[in-house]
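*Asks:* coordinates only, sequence not included:
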C-alpha cells in the first residue's frame with residue numbers, strides 16, 4: 001500500500017482548503033498547521049512526513065493550483081493564494097453530492113455541492129477513501145457537465 005499517496009491526498013486537500021477559506025487574501029501556509037508538529041531527525045532535518053507535506057504544497061504550485069512568493073525555510077509557503085485554476089476546481093459542483101429531495105435553500109445547496117465543502121466533510125470525518133476520490137476529482141480537468149477553462 002502506498003501510504004504516502006494517502007498522505008498526499010490529505011495534505012493537498014487540507015492546504016487547498018485553508019487557502020480557499022482565506023481567498024482572495026494571501027497567507028502564510030504552514031506545514032505544521034496541516035499535519036501538526038513533527039520532530040526533526042537527529043541531524044535537525046524535517047521528518048519525512050513534514051517533507052512530504054511541503055512537497056505536496058510545492059507540487060500543487062508547480063501544477064498551477066496555487067501561487068506563493070517564497071518558502072519560509074522548510075516550514076511554510078509565504079504569501080500563498082489559490083490560482084484561478086485552484087479556485088474554480090474547488091468551487092465547482094460535484095455531481096450527485098447532494099441527496100435528491102433534501103429540502104435546503106438554494107444557496108445552501110450550492111455551497112454543499114461544491115468540491116470544497118465535500119472535501120472539508122471528508123477531512124473532518126477522516127474518511128480516507130472518500131477523501132482520495134474527491135481529491136482525484138480535483139485534479140481532473142472536467143467533471144460531467146462542468147466547464148473548466150484551465
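*Replies:* Received, thanks. A quick note: this is a predicted structure, and the numbers were derived from the prediction, not measured.
*Asks:* grab the nearest non-local neighbour of residue 39.
*Replies:* Closest residue to residue 39 apart from its sequence neighbours, by Cβ to Cβ, 6 or more residues apart in numbering: residue 47 at 6.6 Å. Backbone N, C-alpha and C define where each C-beta goes, glycine included.
*Asks:* helix or strand with the lowest mean pLDDT in the chain?
*Replies:* The helix or strand of the chain with the poorest confidence is helix 106-112; it has a mean of 81 (mean pLDDT, DSSP states H and E).
*Asks:* quick check: buried residues in the very next helix or strand once past it?
*Replies:* Next helix or strand after helix 106-112 toward the C-terminus (DSSP states H and E): helix 115-124. Residues of helix 115-124 classed as buried by neighbour count (16 or more other Cβ atoms under 10 Å): 115-120, 122-123.
*Asks:* next helix or strand past the strand ranked longest in the chain?
*Replies:* Secondary structure of the chain per DSSP state E: the longest strand is strand 76-82. Beyond strand 76-82 in the direction of the C-terminus, DSSP H and E gives the next helix or strand as helix 84-91.
*Asks:* give me the residues contacting that following helix.
*Replies:* The contact list for helix 84-91, computed with Cβ atoms under 8 Å, 6 or more residues apart in numbering, reads 16-17, 19-20, 23, 60, 64-66, 82, 114-116, 119, 138, 148-150.
*Asks:* quick one on the thing from earlier: list the buried residues for the longest strand of the chain?
*Replies:* For strand 76-82, using 16+ other Cβ under 10 Å, the buried residues are 76-77, 80-82.
*Asks:* okay then, goodbye and thanks.
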